[in-house]
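> I need the structure of the sequence given here:
(2 chains)
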2 protein chains.
Amino acid sequence: MKESKKMEAALQGLKVVECATVVAAPLCGRLLADFGAEVLHVEHPKKGDPLRDFGFTKDGINPWWKYYGRNKKFITLDISKPKGKDILYKLLAEADVFIENFRPGRLEEWGITYEEIYKINPRIVMVRISGYGQTGPYSQQPGFGTIAEAMSGFAEMTGELDGHPTLPQFPLADTCAGFYAAMSTMFAIYNRDSAASGQGQMIDVSILESLFSILGPNALVHQVTGKAPTRIGNRAPTSSPRNIYRTKDNRWIAIASATQSTAVRLFDLMGKSDLVKDPRFSTNGNRVKNSVDVDNIVSTWVENFTRDEITILLRNNDVPFGPVNNVEDILNDPHAISREMIISKKDRDGRTLRMEGIFPKLSRTPGAIDSFGGDLGFDNELIYGGLGLSSEDIIVLKKENII
Amino acid sequence: MKESKKMEAALQGLKVVECATVVAAPLCGRLLADFGAEVLHVEHPKKGDPLRDFGFTKDGINPWWKYYGRNKKFITLDISKPKGKDILYKLLAEADVFIENFRPGRLEEWGITYEEIYKINPRIVMVRISGYGQTGPYSQQPGFGTIAEAMSGFAEMTGELDGHPTLPQFPLADTCAGFYAAMSTMFAIYNRDSAASGQGQMIDVSILESLFSILGPNALVHQVTGKAPTRIGNRAPTSSPRNIYRTKDNRWIAIASATQSTAVRLFDLMGKSDLVKDPRFSTNGNRVKNSVDVDNIVSTWVENFTRDEITILLRNNDVPFGPVNNVEDILNDPHAISREMIISKKDRDGRTLRMEGIFPKLSRTPGAIDSFGGDLGFDNELIYGGLGLSSEDIIVLKKENII
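Down below sits the predicted model:
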């Protein structure tokens, strides 16, 4: 991955303003920033983005802030005040994309509306991210990712059959919303530029809907079976064997044999080639129906080997297999190293930080990490100077708590 | 959502050819198809896409096929044969995007290379999706989503602290790869059209890396703490209270209070306003450190109410909250209905199918569901006729098992 991002970034020239907090909306901006868009992260001058204090901060480093804030510029602006709104509108006049994640109606209370923004800049794409979307009976409810993880069906479908619903510990729902937001922003830009409509539009991203949509065809499964999918442990409704198995040295591996040929290879390797002649195990469909028995057989076999032993055995025999890694395993994994899955890079203060890299890999205009999440108002002089404000103007705006 | 998609689709004019199977690559195509791209799903004439038989098929309906195959056209083509390759190249000469998910090197064995495709059509974006990426020591290993779910750290981080690693039962890793693929396709198209490079490029999407990247800043958390994140049940490392709680009628709800004001509102509602004066519970950071105690207090309180009772109580008091829904709950939820989270639409055979809707909502060029996953070779006549092949040519190609 080349460092000369400014020379050949995919999204060079795309200007993004984000009035955004915590994960979903800032992730949208960061996905664009990773590939060269100029992203201004706008924060309240006093409160800042709560993401700065997410989880924990150690030695002045908040991992979430450094990660989701990378490759951006940082300015402060109180858009709830008329003077702040005027400055926002000046920024939006030159922007391609405006990302915001206030509770629906909040911007309007401050007099900031899509209609007005459209008048100033009909080419702008306004991306609105909220817990439940801009409309509907719950739109005014507070929406966090966890709530979407419960309400979407994710929790209901994840975990042991006899256990409680399971939540992810990372921001899954927010991530899905960030993905949808970045992707649909580009759909709208395509319509504006490549399809030559010349017009921007408004995009309504619901965090709940974003996660709901990725859980599989559950509405149709319910229609044809009469049943709502629920927890089934680590089995899948779609293939068997597919589970996590414990090794002799008390570690874990996953095996997945979605196709008949991979299941046959596994059974051959286990010395149990006859299993595919047994009507219970002859096809993927039959194995799914008898997946408890399948898992018992595979599990008993796996327990004979250490994680290292079975890794060599399964890899050499082309059985789809993977160790259950933690991030330390990944740091030491030769494939992860070869692919630069984790990158080291100097922060502004000279300290080298380790971070998940840029994905995916584009051959001609790759992304790059230029910087990490920065200080509140770090780019105020640069950006407000660029708007034509003098140093004295900037000092006055600071005194007035506008920036 | 308007049905007149062809009139005003965001991606009208974008031509996509996908030689793709199961979930990640077909999802990429479907996200583009939902917003009006013309997506040709190319399948082997004998084998077809295994997604057609994913999970289970009932009354001729395979839910996964109907869902991930929606809004596409279906042609058969054996691209491993020289005649098939020639036809593929004719399709690619006119295409904007070529999506493929063969094991790295397979296409090259058949003589299909990016270099040749580039010569025919330098504007094309070639999207290559694989388990581990096109390079690196594991690139030739079979890669399924489950393997990525284990190797990325997802399984390690999900589930009970004293339990085993947890897998999702839906294709999470594939979904992340599909998102990255669709998004980065549009980045490359932007570079080609809006930034006017006029050039396509090659995109290398790894299913493993796609999921790895969304699990949070784990490499940096490990750097600053020396510890690799592992399972912590349903707590989050970033906020407290945040968990699933059981109600009096033995159902489940989630509560998330990421901000101080929402935590205070919850404690007030519980009649325990003093809790924020207790140094163990005074700030989010302190609550995270004492989250077992926080959860015990909240849990004991929640058990006094049925799910319906506590729903009203928490909604009326603006506490971030959500019931743990299954898809049946969502079908009956007034907000989900109002937002068209689930849509009913007639399939080609006249049967009405229910399905997750189109997300997100674009104001001027919304997406639409025009059709569901169709029969093998359904659009052969249309597409091959469009290439100038006569009915006789098509019959001959069928006899030769090329299409």
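
> going forward, measure contacts and count neighbours with C-alpha atoms only.
Will do.

> thought residue A:154 was touching residue A:210?
No - here residue A:154 does not reach residue A:210: they are 11.4 Å apart, not a contact under Cα atoms under 8 Å.

> residue ranges for the strands of the stretch 151-300 of chain A, please.
For the stretch 151-300 of chain A, the strands defined by DSSP state E, counting those that start in this stretch occupy A:202-206, A:242-246, A:252-256.

> contacting residues for residue A:27?
By Cα atoms under 8 Å, 6 or more residues apart in numbering or on different chains, residue A:27 lies in contact with A:68, A:175, A:178, A:179.

> out of those residues, which comes closest to residue A:327?
Relative to residue A:327, the closest of the contacts of residue A:27 is residue A:68; by Cα to Cα it sits at 18.0 Å.

> relative to chain B, how far out is the closest one?
Noted for residue A:68: a distance of 8 Å to chain B, by Cα to the nearest Cα, to the nearest Å.

> grab the nearest non-local neighbour of that residue.
Nearest non-adjacent residue to residue A:68, counting by Cα to Cα, 6 or more residues apart in numbering or on different chains: residue A:27, 5.8 Å away.

> and what about the one you found, helix, strand or coil?
Of the three states, residue A:27 takes helix under DSSP: H, G, I helix; E, B strand; the rest coil.

> quick check: residue A:126 touching residue A:189?
No - judged on Cα under 8 Å, residue A:126 makes no contact with residue A:189 at a distance of 10.9 Å.

> any common contacting residues for the two?
Residues touching both residue A:126 and residue A:189 (Cα under 8 Å, 6+ apart): residue A:200.

> what's the end-to-end length of stretch A:379-397?
Using Cα to Cα, to the nearest Å, one end of stretch A:379-397 lies 15 Å from the other.

> again, but for stretch A:371-384
Stretch A:371-384 has an end-to-end distance of 20 Å (criterion: Cα to Cα).

> and the helix or strand of chain A with the lowest mean pLDDT, anywhere near chain B?
Using mean pLDDT, DSSP states H and E, helix A:284-289 stands out as the lowest-scoring helix or strand of chain A, at a mean of 90. Yes - part of helix A:284-289 sits near chain B under the criterion Cα under 8 Å from any Cα of the partner chain, namely residue A:285.

> pull out the buried residues from that helix.
Buried residues in helix A:284-289, counted by 16 or more other Cα atoms under 10 Å in any protein chain shown: A:284, A:285, A:287, A:288, A:289.

> now do the helices in the stretch 51-200 of chain A.
A:63-68, A:82-93, A:106-109, A:114-120, A:145-151, A:154-157, A:172-193 (DSSP state H, counting those that start in this stretch).

> any bit of the longest one sitting next to chain B?
Yes - against chain B, helix A:172-193 shows contacts by Cα under 8 Å from any Cα at A:172, A:175, A:179-184, A:186-191, A:193.

> then the fourth one?
No - on the criterion Cα under 8 Å from any Cα, helix A:114-120 is out of touch with chain B, staying 11.0 Å away.

> using PDB, list the CA coordinates for that helix.
Presented in PDB, the C-alpha positions along helix A:114-120 are these (Å, rounded to 0.1, in the frame of the first residue of the first chain):
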ATOM      1  CA  TYR A 114     -32.700  19.900   3.700                       C
ATOM      2  CA  GLU A 115     -34.800  22.400   1.700                       C
ATOM      3  CA  GLU A 116     -32.600  25.300   2.600                       C
ATOM      4  CA  ILE A 117     -29.400  23.300   2.100                       C
ATOM      5  CA  TYR A 118     -30.700  22.200  -1.300                       C
ATOM      6  CA  LYS A 119     -31.300  25.900  -2.300                       C
ATOM      7  CA  ILE A 120     -27.700  26.700  -1.400                       C
END
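
> neighbours of the residue lying closest to residue A:194 once chain neighbours are set aside, how many?
Closest residue to residue A:194 apart from its sequence neighbours, by Cα to Cα, 6+ apart: residue B:193 at 6.1 Å. By the criterion of other Cα atoms under 10 Å in any protein chain shown, residue B:193 has 17 neighbours.

> residue B:193 and residue A:193 touch, don't they?
Yes - Residue B:193 is within contact range of residue A:193, at 7.4 Å (criterion: Cα under 8 Å).

> now, of the residues of helix A:172-193 next to chain B, which are buried?
If you count burial by 16+ other Cα under 10 Å, the buried members of the residues of helix A:172-193 next to chain B come out as A:172, A:175, A:179-184, A:186-191, A:193.

> so residue A:249 makes contact with residue A:308?
No - at 9.2 Å, residue A:249 does not count as touching residue A:308 under the criterion of Cα under 8 Å.

> to chain B, which of the strands of the stretch 151-300 of chain A lies closest?
For chain B, the closest of these is strand A:202-206, at 4.5 Å, according to Cα to the nearest Cα.

> which residues of the stretch 251-400 of chain A lie near chain B?
A:252-256, A:285, A:315, A:318-328, A:330-331, A:334-335, A:338-339, A:341-342, A:353-357, A:359-365.

> one more time with 6 Å
Neighbours of chain B within the stretch 251-400 of chain A, by Cα under 6 Å from any Cα of the partner chain: A:320-327, A:335, A:338, A:354-355, A:360-364.

> residues in contact with residue A:321?
If you count contacts by Cα atoms under 6 Å, 6 or more residues apart in numbering or on different chains, residue A:321 has them with A:254, A:255, B:147.

> for it, give me phi and psi.
Torsion angles at residue A:321 (phi, psi; degrees, to the nearest 10) stand at phi -150, psi 150.
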